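Undergrad: Generate coordinates for the sequence data below:
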Amino acid sequence: MYTPPIFKPDRTASLGFAKARGFGTVCAWDGFRPIASSLPFFLSYADDGTPVAAFHVARHNPLVKLADGTASWLMAVNAADAYVSADWYASPDQVPTWLYQAVHLTGTVRRLSGDELGPHLDALSAKFESRLAPKPPWTSSKMTAGRLDAMKKAIVGLVMSVDEVEGSFKLNQHKSETDYAAVAGALALQTDTNAQQIARLMREARPQAFTDETSRLERSVP
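TA: Numbering: from 1, shown residues only. So this is what the prediction gives:
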């Protein structure tokens, strides 16, 4: 991943982003062309501190045959992104751009054993069910043993041992505070939820850019 230094997050931030997102596109090379699948994953750490990303695919997915534990795979993790019009800047002579956050994880992938598959599925569902609180979480124990076993036989668990972590958090960090605040304000007014999310991230990253705006609002309140 090409990333200008100003947009490059550190390893901890990149892994935190990937872990929180929990959804990405896995890509491998079959010798002739790239093979990819978009899927949820669970990021944890091995005893030696190595990040490991566990996921699963349908048994007939061509990725299964490529999980030999030696070839390098790529997992691309993306979240919100948004187009920025050059008209939104306070300064002249700007150009349109696109703001986003993305992390690439690279490493070898092996199959999970039968004993590893069940705990992986439980950890994965628990991660996403927790986001639905206060709804009582769904667990695999709600399924009949026969149905659960049949579903497990239809999939193959895989795990990536992450060798390289690359990130790009492009949020206009290189712009002046005036231009930065102007773009964030324009994005916040868009109906697209991705644009609104990018605006929130920009405010969180550089709150000082909005100090004057807050002061003006406070002075306008009778």
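
Undergrad: Now do the strand or helix carrying Val109: which elements does it pack against?
TA: Element membership of Val109, judged by DSSP states H and E, is strand 97-111. Applying 3 or more C-beta pairs under 8 Å, 6 or more residues apart in numbering; DSSP states H and E, one finds that strand 97-111 contacts helix 11-21, strand 23-29, strand 51-58, strand 72-84, strand 155-170, helix 193-205. For every residue, glycine as well, the C-beta is placed using N, CA and C.

Undergrad: now these in CSV, with distance to Pro134, mean neighbour count and mean pLDDT?
TA: Output for these, formatted as CSV (distance: least, C-beta to C-beta, whole Å; neighbours: other C-beta atoms under 10 Å; pLDDT from 0 to 100):
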stretch, distance to Pro134, mean neighbour count, mean pLDDT
helix 11-21, 20, 17, 97
strand 23-29, 23, 18, 98
strand 51-58, 27, 20, 98
strand 72-84, 25, 19, 97
strand 155-170, 30, 19, 98
helix 193-205, 23, 18, 97
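
Undergrad: so can I have JSON lines of these showing distance to Leu124?
TA: Listed next are the helices and strands packed on strand 97-111 as JSON lines, based on distance: least, C-beta to C-beta, whole Å:
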{"stretch": "helix 11-21", "distance to Leu124": "12"}
{"stretch": "strand 23-29", "distance to Leu124": "11"}
{"stretch": "strand 51-58", "distance to Leu124": "7"}
{"stretch": "strand 72-84", "distance to Leu124": "15"}
{"stretch": "strand 155-170", "distance to Leu124": "10"}
{"stretch": "helix 193-205", "distance to Leu124": "24"}
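
Undergrad: who wins for proximity to Val183 among these?
TA: strand 72-84 (5.6 Å; C-beta to C-beta).

Undergrad: Pairing partners for that closest one, with directions?
TA: Paired neighbours of strand 72-84 in the sheet (DSSP bridges): strand 23-29 (antiparallel), strand 97-111 (antiparallel).

Undergrad: and the angle for the strand holding Val109 with strand 155-170?
TA: Counting by axes from the mean of the first three to the mean of the last three C-alpha atoms, to 10 degrees, strand 97-111 points 150 degrees away from the direction of strand 155-170.

Undergrad: Tell me the helix or strand right after strand 97-111.
TA: As assigned by DSSP H and E, the chain's next helix or strand after strand 97-111 is helix 114-129.

Undergrad: Give me the helices and strands touching that following helix, please.
TA: In terms of contacts (3+ C-beta pairs under 8 Å, 6+ apart), helix 114-129 is packed against strand 42-45, strand 51-58, helix 145-153, strand 155-170.

Undergrad: Repeat the analysis, applying 7 Å as the threshold.
TA: Helices and strands touching helix 114-129, as assessed by 3 or more C-beta pairs under 7 Å, 6 or more residues apart in numbering; DSSP states H and E, comprise strand 42-45, strand 155-170.

Undergrad: List the buried residues of it.
TA: For helix 114-129, the neighbour count (16 or more other C-beta atoms under 10 Å) marks Leu117, His120, Leu121, Leu124, Ser125, Lys127 as buried.

Undergrad: one step back: and Met75, which of the helices and strands packed on helix 114-129 is closest to it?
TA: Among those, strand 155-170 comes nearest to Met75, with 6.3 Å by C-beta to C-beta.

Undergrad: relative orientation of the closest one and helix 193-205 in degrees?
TA: 60 degrees.

Undergrad: and the residue nearest to Phe210 when sequence neighbours are not counted, what element?
TA: Computed as C-beta to C-beta, 6 or more residues apart in numbering, the closest residue to Phe210 that is not its neighbour in sequence is Ala181, at 5.5 Å. Element membership for Ala181, per DSSP H and E: helix 177-188.
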